[in-house]
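> Any chance you could fold what I've pasted below:
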Amino acid sequence: MKRYIALAIAFIFIMFSFTGDINISAVNGSSADQDVQLSTSTSEHTTTTVAESEVTTTTATKSDSGLELNINKGNTWESDGLFYAQFDCSLKNNNDFSVRDWQVEIPVPDNSQFEQGWNGEFTHTGNNLHITSVTHNEVIDANSSADFGFIIATSDADFFPESPIVNGKKQVGNGENNSDNASGNTASNDGSGNNADSGSNANNSDNDKSKDDKKPSANAPSKYKPNKGAVSGDDWLSVKGNKIVDRNGKEVWLTGVNWFGYNTGTNCFDGLWACHLEDSLQSIADHGFNLLRVPFSAELIKEWSNGKYPDANFNQAINSGLVGMNSLEIFDHVVSTCQSIGLKIMIDIHSANSDPMGHMEPMWYSSKITTNDYYNALAWMSKRYKDDDTIIAYDLCNEPHGKPHESPRAVWNNTKSEDNWKYVAEKAAMKVLEQNPNVLIMVEGIEIYPKDIKKNSSFSSTNAGDYHFNWWGGNLRGVKDYPINLGKYQNKLVYSPHDYGPAVYEQPWFKAGYNYDSLMKDCWRDNWFFIYEKKTAPLLIGEWGGFMQEPNLTWMKHMRKLIKTHKLHHTFWCFNQNSGDTGGLILDDWQTWDNEKYNFVKEVLWQKDGKFVGLDHKVPLGRNGIALK
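Below is the predicted model:
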């Protein structure tokens, strides 16, 4: 849910081919310095599926030019007579060469309102939305993608873009083009006839050859080594009733934030094309977050475990210290940096595939990642970092879900079915704990649970009326009937629901007006809060957040009250600027904090005597915090 989409119900790709034009111009007889003008346009069909929770429309436009534009209509809502829709787009380059300076034109209805966009420069004029590349994604390497998205409000509830136009140029060499376009057969990005190059490439190619000629290493150390002199082993946590405690039995409060990117194909944190890694981590710690939830794809970890290190996408001028590191070495550096500033980490298997839309898949497995791959990814990470208590927890799988009529979909019962999340979660936990018995295990919920578990324990009914629904990952009703059993490691178990407000999706409990008490009665208690009330286990709200405006703000206040009243653990969604349907804690420059939102969240960060409280017994949390003594 989130950036991303709340309760989307279908994930369908419909491929349509059409004719695209390719014009190749060789200037002064040089075949090496070519410009290729790539243009695509189409009139396509779309598929819209409507169900209880969401509308999802996905289209894939493919052309002979080699550019493929995928548009996904996800989160939708109505306000003041206008229909708002979030569109997540991915422009894939299927060519065997790089393309730069891409542009997309999307027709939109007259009188539409452009609300916001991310990962592009957006110009809205009349019935046209023009999107151009930005520094970090101006070059799309061969067989790679550039992702962007936007939210637009129209008077048409069924609006979906038709006949988009895509343009781009062939990238040659290191982004330089020595032709002067004298033939006039191709156009430059700025219309001047000159193919200027910014000298920046998000795909970890050389941004400035005069500064450094390092290439990412082909190998990474087989074993991770904690910082020299660091005290490790004194910060492991465990569970006592519905509390999390340190080794001395002292209650602690995990108050963290999410920063995604290792799940999307960026292969590092998103935003490193605009912000400095170490400065950003320092800033998170300085602002009082004592835990960083890091979403990963199982695919990336599988590649690492096989000695393959996909390029990390970052700006080499801004993050010059990362030049020469491969993507695994960069994450090793993240762990070391967090250790030095008192910031703990929770690993989150956010998706099977490395894909910005990977979280839309309902399961921990996919067409290219098996359940065993998923298990092995968890075990490999746990083993690699077992000697560093900077990584203190593993969120086993982000938002398992699926509706009654969908297949596959996550269920929760006492079977050994490969789709039974309870069974898989117990096995996955063992894979982690066998390598490192000290870490906490976070188990999320699913989407549906039978109203009559005796008659429908197999989840065989396809009738939506036979089930209770909740947010993806937020339905933990099954814990009443089939609690997670970790045997001798039961004191490591934490349940971790996700919860969002009406700006993400207008759930039934929002529609007739709501308050704190109605949310407790209609959603929270029966879905997961009973776990805390009965002292079955602690709760960590793994994702909550959103825009600081109605219809979302009222829900935000109630959720904050719940967290504060009961001192519930939580990781706020999110640090990222590019979270489409929630926004982030930082603004478009990836450096300036949104003070209004931060001050709102600050009330539920662990503080004592005006200082933020960390989870490390020796190292203070950032420059404004204290250590756990």
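> in the chain, which ranges drop under the pLDDT threshold?
1-65, 75-79, 118-119, 135-136, 168-214, 217, 220-221, 228-229 (pLDDT under 70).
> sec struct for the closest residue to Asp279 other than its chain neighbours, please.
Leaving aside its sequence neighbours, Asp279 sits nearest to Gln591 (C-beta to C-beta, 6 or more residues apart in numbering; 7.9 Å). No exception for glycine: its C-beta is placed from N, CA and C like everyone else's. Look at Gln591: counting by DSSP: H, G, I helix; E, B strand; the rest coil, its state is coil.
> Name the residues of stretch 412-428 that are buried.
Within stretch 412-428, the residues that count as buried by 16 or more other C-beta atoms under 10 Å are 412-413, 419-426, 428.
> Secondary structure and distance to Trp472 for those - can I get that in a markdown table?
Conversion of the buried residues of stretch 412-428 to a markdown table gives the following (DSSP: H, G, I helix; E, B strand; the rest coil; distance: C-beta to C-beta, whole Å):
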| residue | secondary structure | distance to Trp472 |
| --- | --- | --- |
| Trp412 | coil | 13 |
| Asn413 | coil | 18 |
| Asp419 | coil | 15 |
| Asn420 | strand | 17 |
| Trp421 | helix | 12 |
| Lys422 | helix | 16 |
| Tyr423 | helix | 19 |
| Val424 | helix | 16 |
| Ala425 | helix | 15 |
| Glu426 | helix | 20 |
| Ala428 | helix | 18 |
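> of these, closest to His359?
The closest of those to His359 turns out to be Trp421 (C-beta to C-beta; 15.3 Å).
> just checking, that closest one touches Ala410?
Yes - if you go by C-beta atoms under 8 Å, Trp421 and Ala410 touch, sitting 4.5 Å apart.
> Now list whatever residues contact both of the two.
400, 446 (C-beta atoms under 8 Å, 6 or more residues apart in numbering).
> The residue nearest the centre of the chain: what's it in contact with?
The residue lying closest to the centre of the chain (C-alpha atoms, centre = their mean) is Phe260, at 4.5 Å. By C-beta under 8 Å, 6+ apart, the residues touching Phe260 are 3, 269-270, 294-295, 350, 574, 576, 579.
> could I get those as TSV with neighbour count?
Listed next are the contacts of Phe260 as TSV, based on neighbours: other C-beta atoms under 10 Å:
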residue	neighbour count
Arg3	26
Phe269	27
Asp270	32
Val294	23
Pro295	26
His350	23
Cys574	25
Asn576	26
Ser579	22
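> Which residue ranges of the protein form helices?
Secondary structure of the chain, counting by DSSP state H: helices at 277-286, 298-305, 327-340, 371-384, 421-435, 478-481, 508-511, 516-519, 530-533, 553-566, 595-602.
> one step back: filter the contacts of Phe260 down to the ones in strands?
Counted as lying in strands by DSSP state E, out of these, are 294-295, 350.
> would you turn those residues into JSON lines with distance to Ile369?
Output for the ones in strands among the contacts of Phe260, formatted as JSON lines (distance: C-beta to C-beta, whole Å):
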{"residue": "Val294", "distance to Ile369": "18"}
{"residue": "Pro295", "distance to Ile369": "15"}
{"residue": "His350", "distance to Ile369": "12"}
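> among the helices of the chain, which is nearest Glu444?
Closest among these, once you apply C-beta to C-beta, is helix 421-435, at 8.4 Å.
> mind listing what Asn353 touches?
With contact set as C-beta under 8 Å, 6+ apart, Asn353 has these partners: 297-299, 361, 366, 368-369.
> Which single one of the residues you listed is nearest to Leu476?
Using C-beta to C-beta, the contacts of Asn353 come closest to Leu476 at Glu361, 20.6 Å.
> Quick check: closest non-adjacent residue to the closest one.
Ala352 (5.9 Å).
> Tell me, how many residues neighbour Val619?
23 (other C-beta atoms under 10 Å).
> List the residues that contact it.
Applying C-beta under 8 Å, 6+ apart, the residues contacting Val619 are 339-342, 627.
> Including distance to Leu328, could those residues go into TSV?
Below are the contacts of Val619 laid out as TSV (distance: C-beta to C-beta, whole Å):
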residue	distance to Leu328
Gln339	17
Ser340	19
Ile341	21
Gly342	24
Ala627	29
